[in-house]
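Undergrad: Quick one, fold the following:
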Amino acid sequence: MSNIEQKAITTIRFLAAEAVQKANSGHPGLPIGAAPMALTLWKQMKHDPKDASWAGRDRFVLSAGHASMLEYSLLHLFGYGLSIEELKSFRQWGSKTPGHPEFGHTVGVETTTGPLGQGIANAVGLAMAEARLAAEFNREGFPVVDNYTYALTGDGCLMEGVASEAASLAGHLGLGKLILLYDRNEITIEGSTNLAFTEDVGKRFESYGWTVQYVADGEDTAAIAKAIDNAKADKTHPSLIIVRTEIAHGTPKANKASAHGEPLGADALKAMYEFYQWNEEPFAVPEDVKAYFSELQAGYSKQHTAYDAMFAEYKKTYPELYEKWVAWHEKKLPDALKNDPRLFSSADPKATRQVSGEVLNLFAEFVPNLFGGSADLAPSNKTELKGKGFFAADDRAGANIHFGIREFAMAAICNGIQLYGGFRAYCATFLVFTDYLKPALRLSAIMHQPVVYVMTHDSIGVGEDGPTHQPIEHLAALRATPGVLVFRPADAIETAYSYIMAFEADKPSVLALTRQNLPQYAETGEGTYKGGYIMKDTKSGKPDVILMASGSEVELIYKAADVLEADRIKTRVVSMPCLDLFDDQDAGYKEAVLPRSVRARVAVEAATAYSWDRYIGLDGATVCIDHFGASAPAGVLFKEFGFTVDHVVAAAKASLEKVKNWNKPL
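TA: Below you'll find the predicted structure:
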């Protein structure tokens, strides 16, 4: 290791330690211990600090997101425009240096990390996207898609189940351009990893089909560089490089749990200065270190220039491929798709999961960059893209993905696919299993990534599988998650419009779809865009009562309205396929659909009532289910749990009576 390289590593260490100390919050240990590994990697990565979104760049994921100051120090030194003032503002209001790296907030951050393990799964998705896009667009002499995906992880990530799920799939798929660097410092918040984590991680990854290398000394940059070169040379297996480091190396807190998640403290920081013989002021970057990184930047710019020249020639040589490239990176859906009459042609009773499959395959005719699959449930979710092949170790051109029974990894991988660019990612399972994937869906929302979650078997309509498979609280939990659109369509038309909105959104969407057949309605349509709309109204003036529902229960309120009208009770039927979108409408529209003067209201949904309180008011009623289901045929369950026309009619009359009593003079 050269003197200037050692000095650069020391600079990284002190920037991280000083920032955490100034904030009096953060994780200094890993950044200090992993600095040699990080610099060695970033030096040889293909990237351009002057253009962080350059398509030809390698991808770097800091899966151990608590070590964010390591990445921020690198971004500053490599010239990504992250100022020294931002480092001084670590973890403070309005800074570009939040506690964990956030995509879209800090230039150069590829994905939001922090919840441990998900970064590894994101990296698997990025590597899958690279392989799929390369198969589609690369031609002899024109490697327009050719990058490696690197992830830096710690002990904690490798304890999380999602990392194992994703690594298992990566090995099966032979993702040879995925390289995972493991900062093995063997310390967590509670102490030594020996307290709870004594497995042989290398053998585990070997069993997954990974190539595993060991570097005994985290300070040995030559050995680390050689291991990275070896990993890059293996194009048929993902690689794990296990680097034995010392947390907070060179400080009195080295190899101690206290170095993990708290500042070093003034005394330990002073001792660190003495150990490294560092004579600089806090947050100082020596001039020779600045010159060192400037020289590196010039090399990266040359790589980018060469890529641009190659791509320009590619555009001339393969103009049709270039046009397809542009189309694959377009966010708006083609008008020809949205105007295709087949989207809105269903007439016979159908389950919305069946309609979903038909719509998804129609989308694939116009949108060839759909890339996704199901957690071993494609025949039930109806999510296979017919004739599009399956992405595999020996077929990178397949558009379908066999995720296996790995819901959490599936969703986190789809985040990586979506982040890579060029794809519209989707995944599928049963709605009840959103419990398994929710943390990844939450990160989709935080990152504004429009991953589409196709969730079928959306209620007690699952039937005989019983309460373990019948979602009750799930719709409310999903609707409570900021930045997620939750669609529960009532028929084929609403399903088609839901898909259009989901694939054009700037946020993730969940489509909750039925197992059982539903009728088709003449009255459904573009009102779906508003999230809620008047589907059927009384013929004589202002309604006395408003019935509202989503999905399969629209059938109940539709029929109940006829009974109430026959009983001279003026009734409005409101379909609410997406409460989130309805809430986003202006006050005038919401008043027109749900006028405040109509206080008698009933909300009907085969799920918990929590989502509906804000619509029914003090006088309204719900026909919902606030307990777990049971094992029986779906028709029996709906009847036994009160999802009948008679029960809805009774609830409407009870609400009317309540309003009437409130209006009586005291």
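
Undergrad: Show the pLDDT at the residue most central in space within the chain.
TA: Against the mean C-alpha coordinate of the chain, by Cα atoms, centre = their mean, the closest residue is Ser444 at 2.8 Å. Predicted confidence (pLDDT) at Ser444: the value is 98.

Undergrad: Also Ser207?
TA: Ser207 is assigned 98 on the pLDDT scale.

Undergrad: Surely Val285 touches Ser73?
TA: No: if you go by Cβ atoms under 8 Å, Val285 and Ser73 don't touch, sitting 9.7 Å apart. Using the backbone N, CA and C atoms, a C-beta is placed for each residue, glycine as well.

Undergrad: Could you tell me which residues touch both of the two?
TA: Residues touching both Val285 and Ser73 by Cβ atoms under 8 Å, 6 or more residues apart in numbering: Thr11, Leu15.

Undergrad: These two: which is more packed in?
TA: Ser73 (27 against 20; other Cβ atoms under 10 Å).

Undergrad: Off-centre distance for stretch 99-119?
TA: Chain-centre distance of stretch 99-119: 12 Å, with Cα atoms, centre = their mean, to the nearest Å.

Undergrad: Counting neighbours, which bits of it end up buried?
TA: Within stretch 99-119, the residues that count as buried by 16 or more other Cβ atoms under 10 Å are 99-103, 106, 108-119.

Undergrad: what about that stretch, how long is it end to end?
TA: Stretch 99-119 has an end-to-end distance of 16 Å (Cα to Cα, to the nearest Å).

Undergrad: Please give the number of neighbouring residues around the spatially closest residue to Ile187 that is not a sequence neighbour.
TA: Closest residue to Ile187 apart from its sequence neighbours, by Cβ to Cβ, 6 or more residues apart in numbering: Ile247 at 4.6 Å. Ile247 has 29 neighbours, counted by other Cβ under 10 Å.

Undergrad: on contacts alone, who are the packing partners of the helix or strand harbouring Cys157?
TA: Using DSSP states H and E, Cys157 sits within helix 155-159. With contacts taken as 3 or more Cβ pairs under 8 Å, 6 or more residues apart in numbering; DSSP states H and E, helix 155-159 sits against helix 118-137, strand 178-184, strand 187-188.

Undergrad: any idea which helix or strand comes after it?
TA: Remark: after helix 155-159, the chain's next helix or strand is helix 161-173, criterion DSSP H and E.

Undergrad: Can you point out the buried residues in that following helix?
TA: So, applying 16+ other Cβ under 10 Å, buried residues of helix 161-173: Val162, Ala163, Ser164, Glu165, Ala166, Ala167, Ser168, Leu169, Ala170, Gly171, Leu173.

Undergrad: elements contacting it?
TA: helix 118-137, helix 201-208, helix 407-420.

Undergrad: Run me through the strand neighbours of the helix or strand that the second one is followed by, direction for each.
TA: Same thing as helix 201-208. Going down the chain from helix 201-208, the next helix or strand is strand 211-215, by DSSP H and E. Strand pairing for strand 211-215, determined by DSSP bridges: strand 239-244 (parallel).

Undergrad: Specify the angle between the strand it pairs with and helix 161-173 in degrees.
TA: Orientation check (axes from the mean of the first three to the mean of the last three Cα atoms, to 10 degrees): strand 239-244 against helix 161-173 gives 140 degrees.

Undergrad: Give me the angle between strand 239-244 and helix 201-208.
TA: 170 degrees.

Undergrad: contact partners of strand 239-244?
TA: By Cβ under 8 Å, 6+ apart, strand 239-244 touches 34, 37, 176, 178-184, 201-202, 205, 210-218, 224, 227-228, 230-231.

Undergrad: what about burial for those residues, which qualify?
TA: 34, 37, 176, 178-184, 201-202, 205, 210-213, 215, 218, 224, 227-228, 231.

Undergrad: Domains in the protein, by residue range?
TA: According to automatic domain parsing, the chain comprises the domains 3-301, 335-513, 529-662.

Undergrad: Between its first and last residues, how far does the shortest one reach?
TA: By that I understand domain 529-662. One end of domain 529-662 sits 36 Å from the other (Cα to Cα).

Undergrad: repeat for the first one
TA: Distance between the two ends of domain 3-301: 25 Å, counting by Cα to Cα.

Undergrad: and Ser301, that one's in a helix?
TA: Yes: assessed by DSSP: H, G, I helix; E, B strand; the rest coil, Ser301 belongs to a helix.

Undergrad: Would you check that it makes contact with Asp48?
TA: Yes: here Ser301 reaches Asp48: they are 6.2 Å apart, a contact under Cβ under 8 Å.

Undergrad: Same drill for those two, tell me which one is more crowded.
TA: It is Asp48, of Ser301 and Asp48, that has more neighbours when counted by other Cβ under 10 Å, with 22 against 13.

Undergrad: Do you know the pLDDT at that one?
TA: With respect to pLDDT, Asp48 has a value of 97.

Undergrad: give me phi/psi at it?
TA: Per-residue torsions, Asp48: phi -130, psi 100 (degrees, to the nearest 10).
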